[in-house]
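Colleague: I would like to see how this sequence folds:
(2 chains)
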Amino acid sequence: MAFTIGVNGSAHNVELEGDTPLLWVLRDVLGMTGTKFGCGVALCGACTVIIDGIPRRSCVTPISSVGEGAVTTIEGIGTTPQGRALQRAWLDLDVVQCGYCQSGQVMSAAALLMATPKPSDSDIDAAMSGNVCRCGTYQRIRAAIHQAATSRAKADDV
Amino acid sequence: MSESESVLPLDRRGFLKVGAAIGGGLVLNLALPVALKSTWAAAAAGSSNFAPNAFIRIDRTGAVTLVMPMVEMGQGVYTALPMLVAEELEVDLDQIRLEHAPPNDALYANAILHVQTTGLSSSVRAFWTPLRQAGATARTLLVSAAAKRWGVDPTKCQARRGVVYDAAAARRLRYGELVDAASALPVPAPDSVLLKQPKDFTLIGTPAKRLDSPDKVNGKAQFGIDVKVPGMKFAAIAISPAFGGKLRSVNEAAALAVRGAHQVVRIDNAVAVVADHTWVAKKGLEAAEVRWDDGPNATVGSGDILRQLEELSRQPGAVARNQGDAQKALAAAAQRFDVVYQLPFLAHAAMEPMNCTVHLRKDRCDLWMGTQAPTLTQALVAELTGLPKDAIKIHNHLLGGGFGRRLEADGTLLAVRIAQHVEGPVKVIWSREEDIQHDMYRPAYYDRLSAGLDESGKPVAWIHRVAGSSVLARYAPPLFRNGLDFDAVEAAAEPPYDFPNIHVDYVRVEPPGIPTAFWRGVGVVKNVFIVESLIDDLAAAVKQDPVTYRRSLLGHNPRALGVLNLATEKAGWGQPLPPRHARGVSLQSAFGGYMSQVAEVEVARDGTVRVSRIVCAVDCGIVVNPDTIAAQVEGGSLFGLTAALYGAITLKGGRVEQSNFHDYRPMRMNEAPTVETHIVKSMEAPGGFGEAPCACVTPAVTNAIFAATGKRIRTLPIDTGQLKS
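Modeller: Got it, this is the predicted structure:
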């Protein structure tokens, strides 16, 4: 079947079965490899993208369900104010280690800040506990989310 | 954005042009003398050796390219190793570009491991001197070239940030302007160049930002799984679920009926479907109705392995250490302890599942992946394909976690065996289920210990028998001598305490069919847990505070005492805590450094364990990047804690029972404690650090559980059922 999906503001035409997960469309068909495969069953969050402001595990999101939804991936999140603030905080605090899960971490965090600009620790736990990091960078992820939220709040004051 | 965004840490095409100096210019190929030590163990314990390994390139534009001999898998070497060079080369980190090294033991061997392999927390220890010498040699040549052009004494010139200045700083030449002249000068012997005194370091010891961060937060970082090769197809694989089983049948027609599936590849113990993309390959595999013959291990279960360990651990083993007469001292002891510790198989479960992309042609084989052992992999692929080694092109990448899993070439060899049947390049990706069920596992262990105390409570006898699979015997057979696996007894044979009579031995017990491998923290992880648990028992038996008791046994070990005192002071040891909360302490000497941790734990009435805080003191000698030390303490502690709380690979019917992150649980954010790091300032040689915190954390937590509940954990993972009250 033919599908047209919007990713980071660009339309892409693909010819695929409707059950194909968005993850493999992005990675294998469109060549956008920033979105990662980790578990295939929505247990680790490495494949997280944002569709219309909502974080989605792309490994279990069939392309047929995307429809007109605006897909944002790690390659495009830096154009959003939340994504930009988070990327800056991630660099300031040197969050990453191996880095493989970090696309998904940044995407889940961006969706959190879009919905909850000033999250509490328990908001962060709720939004981020689906994202696994085997290197154990959680402490810095938490700090970076708080820092990004604070920097956004300051930016809004100006 | 921040300044560091301007860094381009990795040139993705870099590996294709290694050895070719861009735009002419200086190619410094630093051949350094090798002083081989007789064993890995001896080398690991001590100093850095010289090895022919470093490779600096500066082009006429002044761009400095460093070829990284060790791989980046999160541990921070792509920042620490450049810092060593930059300190002496007198360039800033933002002036450096990095490339992955091609496989070449002659140029890039790690002086501790003797091969181009990243492991055993050895990178900084092995390259501490060679990479500083590499930088100093290059700087010396560039300064000499400038001095010659000006007709002045080179010792009166100075280099700063890639520029040479004369004595009055009146004249200046950029490195890029000097590369041709510098190339014409004779290269001094590496040990003839003067290295900075530690007090003069301007970069080493400062918290530098990681060079690999920017591309890891915007999706640009390239892991092995991300490679794009023109014409590439995608393969999904199934491997015999039972270890040692064989493929019996495949419904090829059903697999190929899936649109976009092109080929079914059968090899003796696995089957692959090759397709237009991964999802189609997975669907083809699902449709293929694969049947297996389970083979000789079809009935093996965890109980069999435990019985085998229990039985064979009764036999005496190869002696790792024998000092005094431990048996005699035990017989005469006032108090005696006999305990058994059991540890499970563990999977690595790196976030990046196993994968390899292969393009096999008649006369060459290109491989794209992230590997900790590129030269080993190259040799094994040469052997498999019959091609000469230099026809095996390893294109190494960033690793999405290694933890020891990517020391192994099994996944690569499987991919090559599939590629032998495929025209053109093919990317083979394992599902998470395959990754967990066909890992090569941290061995299960069964250790027997006896300790004897004299009237005053001092341990006069210490006997420790380690029993389990020998990874070393398979991975590095020449290092497995007289039945002794020095890795399996590391930190058991040389505990930090004064034991007048100590006997430690090792019994090799190979489980049927189950492949074993190194796992982050190697033998140290299990042994520190066991030694620190028993010491805690002894302290309790003589009704002494666990810290006081440890202190009393550290008379000869000031660095160990130093970290113990620092950790307990920072943790507020002895200060009151709410009911059901307690602190536990641990101490270790391993990987050339010292560490002590204090864990604060709460045990709920239902037995649930919550670790709220970990305080860690480290003395790992001279620190290259203190922020990396802190990051490794934070992450390594969680890695070890994950295994202690949840980690177990169990077997039934010859196959692994766990399959994904629901039953092989990683620690998640809502469960993670806060971790504090305190570094002892030291001028000792640098110690290794990527693995140390994984070990120290577990006994700190189990000792805290003991303090809270009176229950001693001697089997991992922690059974919270037994902690109910």
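
Colleague: Skip the chain neighbours and tell me the closest residue to the residue in chain A positioned nearest to chain B.
Modeller: At 2.1 Å from chain B, A:Gly34 is the closest residue in chain A, using Cβ to the nearest Cβ. C-beta coordinates here come from the backbone N, C-alpha and C atoms, glycine included. Nearest residue to A:Gly34, sequence neighbours excluded (Cβ to Cβ, 6 or more residues apart in numbering or on different chains): B:Gly219, at 2.1 Å.

Colleague: neighbours around the closest residue to B:Pro388 other than its chain neighbours, how many?
Modeller: Distances taken as Cβ to Cβ, 6+ apart place B:Ala382 nearest to B:Pro388, at 6.5 Å, with adjacent residues excluded. Number of residues near B:Ala382 (other Cβ atoms under 10 Å in any protein chain shown) recorded here: 16.

Colleague: quick one: the helices in the stretch 151-300 of chain B?
Modeller: Taking DSSP state H, counting those that start in this stretch to define them, one finds helices in the stretch 151-300 of chain B at B:175-183, B:213-216, B:252-256, B:278-287.

Colleague: Got phi/psi on the residue nearest the centre of chain A?
Modeller: The centre of chain A sits closest to A:Met107, judged by Cα atoms, centre = their mean, with a distance of 2.0 Å. Backbone geometry at A:Met107, expressed as degrees, to the nearest 10, gives phi -70, psi -40.

Colleague: so who does it touch?
Modeller: Contacts of A:Met107 were listed using Cβ atoms under 8 Å, 6 or more residues apart in numbering or on different chains, and they are A:48-50, A:55, A:72-74, A:77.

Colleague: Give the helix, strand or coil label for residue 75.
Modeller: In the absence of a named chain, this looks at chain A. coil (DSSP: H, G, I helix; E, B strand; the rest coil).

Colleague: returning to what we had before: give the full set of residues in contact with the residue of chain A closest to chain B.
Modeller: By Cβ under 8 Å, 6+ apart, the contact set of A:Gly34 is A:73-75, A:103, B:218-220.

Colleague: need the contact list for residue 145.
Modeller: Picked chain A for this. For A:Ile145, counting by Cβ under 8 Å, 6+ apart, the contacting residues are A:86, A:89, A:109, A:112-113, A:119, A:124, A:128.

Colleague: try chain B instead
Modeller: Residues near B:Ala145 by Cβ under 8 Å, 6+ apart: B:178, B:181-182, B:184-185.

Colleague: give me the number of residues near residue 91?
Modeller: Going with chain A. A:Leu91 sits with 23 neighbouring residues when counted by other Cβ under 10 Å.

Colleague: wait, I meant chain B there
Modeller: 26.

Colleague: which residue packs closest to it, ignoring adjacent ones?
Modeller: Nearest non-adjacent residue to B:Val91 (Cβ to Cβ, 6+ apart): B:Gly162, at 4.7 Å.

Colleague: Okay, domains of the chain per the record?
Modeller: Assuming you mean chain A. Chain A breaks down by automatic domain parsing into domains covering A:2-72, A:78-157.

Colleague: Chain B was what I was after
Modeller: Taken from automatic domain parsing, chain B resolves into B:3-216, B:224-295+B:354-429, B:303-345+B:441-723.

Colleague: residues in contact with the residue of the stretch 51-200 of chain B found nearest chain A?
Modeller: Closest residue of the stretch 51-200 of chain B to chain A, Cβ to the nearest Cβ: B:Gly74 (3.3 Å). Residues near B:Gly74 by Cβ under 8 Å, 6+ apart: A:96-99, A:135, B:399, B:401-402, B:635.

Colleague: and the residues you listed, which are buried?
Modeller: Among those, the ones that count as buried by 16 or more other Cβ atoms under 10 Å in any protein chain shown are A:96-99, A:135, B:399, B:401-402, B:635.

Colleague: Out of these, which is nearest to B:Ser313?
Modeller: B:Gly402 (30.4 Å; Cβ to Cβ).

Colleague: Scan the chain for its longest helix.
Modeller: Defaulting to chain A. helix A:138-157 (DSSP state H).

Colleague: that's the other chain; I wanted chain B
Modeller: In chain B, with assignment by DSSP H, the single longest helix is helix B:123-150.

Colleague: can you give me the offset of that one from its chain's centre?
Modeller: Its chain's C-alpha centre and that of helix B:123-150 lie 29 Å apart, by Cα atoms, centre = their mean, to the nearest Å.

Colleague: Quick check: buried residues in that helix?
Modeller: With burial defined by 16+ other Cβ under 10 Å, the residues of helix B:123-150 counted as buried are B:123-147, B:150.

Colleague: Enumerate the residues of the stretch 101-250 of chain B near chain A.
Modeller: Contact residues, the stretch 101-250 of chain B versus chain A (Cβ under 8 Å from any Cβ of the partner chain): B:209-210, B:212-214, B:216-223, B:225-226, B:228, B:234.

Colleague: Now mean pLDDT too, for the domains of chain B, in JSON lines please.
Modeller: Shown next, in JSON lines, are these (pLDDT from 0 to 100):
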{"stretch": "domain B:3-216", "mean pLDDT": "77"}
{"stretch": "domain B:224-295+B:354-429", "mean pLDDT": "98"}
{"stretch": "domain B:303-345+B:441-723", "mean pLDDT": "97"}
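
Colleague: Which one, of the ones you listed, ends up nearest to A:Cys44?
Modeller: domain B:303-345+B:441-723 (5.5 Å).

Colleague: Report the distance from the closest one to the chain centre.
Modeller: How far domain B:303-345+B:441-723 lies from its chain's middle: 17 Å, per Cα atoms, centre = their mean.

Colleague: Regarding that domain, how distant is the last residue from the first?
Modeller: Using Cα to Cα, to the nearest Å, the end-to-end distance of domain B:303-345+B:441-723 comes to 23 Å.

Colleague: and what of stretch A:90-98?
Modeller: By Cα to Cα, the extent of stretch A:90-98 from end to end equals 14 Å.
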